[in-house]
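Novice: quick one: sequence plus predicted model below, questions after.
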Amino acid sequence: MVDDLAEAKTQFSAGAYDDALMRLQAISNRTPMETEPIAAMALCYFVLGQTPHARRIWKIIVSRDERYLLPRFLRKELRWPDEMLTVAAKVSALVV
């Protein structure tokens with residue numbers, strides 16, 4: 001999962017949102033209780049223009065783990081790249 005997740009982050013940073021989304025969906029199918037791939041999927045949905053869907057997913061993730069609202073957690077613990085952090089801030093603004 002770690003390698004696939006790293007690749008999905010790289011794809012997201014490169015603007016390959018559809019590819020990142022497909023990879024994240026595959027990870028989520030294998031490990032459905034992991035929140036990080038689902039949270040990252042919300043970012044993909046947001047940049048792909050599916051804002052209501054992104055908002056619903058993000059609300060679920062935040063209800064499970066409020067740390068997803070903290071940029072420091074995303075940057076330090078999850079090692080999300082700047083591109084993901086920027087989008088995460090926008091998605092978080094939809095739910096708080």
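Specialist: Arrived safely. Note that the coordinates shown come from a computational prediction; the quantities given were computed from them, not determined experimentally.

Novice: what residues are up against the residue nearest to the spatial centre of the chain?
Specialist: In the chain, the residue lying closest to the centroid (C-alpha atoms, centre = their mean) is residue 40, at 1.3 Å. By C-beta atoms under 8 Å, 6 or more residues apart in numbering, the residues touching residue 40 are 5, 8, 9, 12, 20, 24, 80, 84. The way it works is simple: take the backbone N, C-alpha and C, and place the C-beta from them, glycine included.

Novice: what do you get for residue 27?
Specialist: 1, 4, 5, 8, 34, 37.

Novice: which other helices and strands contact the stretch of helix or strand residue 6 belongs to?
Specialist: Here residue 6 sits within helix 2-13, counting by DSSP states H and E. Secondary-structure packing of helix 2-13 (3 or more C-beta pairs under 8 Å, 6 or more residues apart in numbering; DSSP states H and E): helix 17-30, helix 35-47, helix 82-95.

Novice: of all those helices, which lies closest to residue 74?
Specialist: Of all the helices and strands packed on helix 2-13, helix 82-95 sits nearest to residue 74, with 5.7 Å by C-beta to C-beta.

Novice: quick check: closest non-adjacent residue to residue 90.
Specialist: Leaving aside its chain neighbours, residue 90 sits nearest to residue 46 (6.7 Å; criterion: C-beta to C-beta, 6 or more residues apart in numbering).

Novice: in this structure the one you found contacts residue 87, no?
Specialist: Yes: at 5.9 Å, residue 46 counts as touching residue 87 under the criterion of C-beta atoms under 8 Å.
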